[in-house]
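> Build me a model:
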Amino acid sequence: MSAVDTAEPAGATSAPAVTERITPVSAVQHGMLLTWRSLLKIKRNPEEVLGLTFMPLMFVALFVFVFGQAMMGDWRAYRDLITPGIIAQSVIFATIGTGVALNTDIEKGIFDRFRSLPIARSAPLIGAILGDLVRYLLTVVMVMLVAVAIGYRPEGGVLGLLAATAVVMAFAFALCWLSAFMGMLLRTPMAVNIFGSVWMFPLTFGSSAFVPTDQMPGFMQTFAEINPVTHVINAMRELLNSQPAGESLLWVLLWTIGITAVFFPLATRAYRRRA
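Modelled structure (predicted):
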């Protein structure tokens, strides 16, 4: 066989490697895979779960039995009022942990390994947030168990409870993207915790969680009525008590979509720059 027969045709080159295109569906799939990694933290760090459960339990005991009689003259009536508020407050405050954990992983260089994998850039953030939502769900369960143990009986029954849980978890999903953005933007986990608490306190305590808005001073009442946390808590109360919740649910939906639409791309872009 001659050299001419064995030579490759002029201009022939090996086929370039084709990189699989990352679609929104594949991004979600990658995020679900990394959710398992986030859930494994529960096994390695059970103290995190204990913190997410014991703190809400103390809030239930303190607010119901210490302030209940003074606030409404009957701690049982106050228990029925603030149980949805304590659930919402506990879950919303817990979302700060999402940004703290992401910032810690960035500092440890864990996300540098993710960058070498053929996965969507948003997948590590999606996995971390979905894993955190499972832990926040444990907080809801524990608060409800304690509330039921001291006599709380929502008229909406199981369906009302499930619907109220879905409302607060959906809003927490949106806030997790805000927390993730702070985790990517700020330099240290302590800074994330401090800045997160700065805006969480007015959102939660400046809402209808512990006091009806009509009992607040004029300026505070105005703030509380436009506060998204108030809409979340009102929707939860209405669902738990089998009352119409259309307007409150609409506001929660709008706030959830708006916050996610703004901070999902911001968090993803900040992650690309930071990692």
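> Could you use CA atoms for every contact and neighbour count after this?
Noted.
> Report the next helix or strand after the helix or strand hosting residue 182 in sequence order.
Residue 182 belongs to helix 157-185 when elements are defined using DSSP states H and E. On the C-terminal side of helix 157-185, the closest following helix or strand by DSSP H and E is helix 189-205.
> ok, now which ones touch residue 225?
By Cα atoms under 8 Å, 6 or more residues apart in numbering, the contact list for residue 225 reads 207, 213, 231.
> contacting residues for the second one?
So that's residue 213. Each residue near residue 213 by Cα under 8 Å, 6+ apart is listed here: 207, 221, 224-225.
> Go again with 10 Å.
Contact partners of residue 213, counting by Cα atoms under 10 Å, 6 or more residues apart in numbering, are 206-207, 220-225, 230.
> could you give me the average pLDDT of the helix or strand harbouring residue 40?
Residue 40 is located in helix 24-44, with elements delineated by DSSP H and E. What helix 24-44 shows for mean pLDDT is 71.
> next one: that helix to chain centre, how far?
On the basis of Cα atoms, centre = their mean, to the nearest Å, the separation between the geometric centre of helix 24-44 and that of its chain is 15 Å.
> same deal with stretch 233-251?
Distance, stretch centre to chain centre, for stretch 233-251: 20 Å (Cα atoms, centre = their mean).
> mind checking the end-to-end distance for it?
One end of stretch 233-251 sits 11 Å from the other (Cα to Cα, to the nearest Å).
> Could you list the buried residues of that stretch?
Buried residues in stretch 233-251, counted by 16 or more other Cα atoms under 10 Å: 233-242, 245, 248-249, 251.
> and the helix holding residue 40, what does it pack onto?
In this structure, helix 24-44 packs against helix 46-62, helix 123-149, with contacts taken as 3 or more Cα pairs under 10 Å, 6 or more residues apart in numbering; DSSP states H and E.
> can you rerun that using 6 Å?
Applying 3 or more Cα pairs under 6 Å, 6 or more residues apart in numbering; DSSP states H and E, we find helix 24-44 packed against helix 123-149.
> Quick one: mean pLDDT over the helix it packs on.
Mean predicted confidence for helix 123-149 is 87.
> Go through that helix and flag the buried ones.
Neighbour-count burial for helix 123-149 [16+ other Cα under 10 Å]: 123-133, 135-140, 142-144, 146-147.
> Quick one: work out the angle between it and helix 157-185.
Counting by axes from the mean of the first three to the mean of the last three Cα atoms, to 10 degrees, helix 123-149 lies at 140 degrees to helix 157-185.
> Over to residue 211. Which of the three states is it?
Taking DSSP: H, G, I helix; E, B strand; the rest coil as the rule, one finds residue 211 in the coil state.
> Dihedrals phi and psi, it?
Here the main-chain torsion angles of residue 211 (degrees, to the nearest 10) amount to phi -140, psi 140.
> what's the spacing between it and residue 260?
Between residue 211 and residue 260 the distance, using Cα to Cα, works out to 28 Å.
> Over to residue 149?
Following Cα to Cα, the distance that separates residue 149 from residue 260 is 35 Å.
> before we move on, what about residue 93?
Residue 93 sits 17 Å away from residue 260 when distances are taken as Cα to Cα.
> How about residue 224?
Here the distance between residue 224 and residue 260 works out to 21 Å (Cα to Cα).
> of those two, who's got more company?
Residue environment comparison for residue 224 versus residue 260 gives the larger neighbour count to residue 224, 25 against 20, counting by other Cα atoms under 10 Å.
> tell me the pLDDT at that one?
So residue 224 comes in at 92 (pLDDT).
> can you tell me how far it sits from residue 165?
Note on residue 224: its distance to residue 165, by Cα to Cα, is 21 Å.
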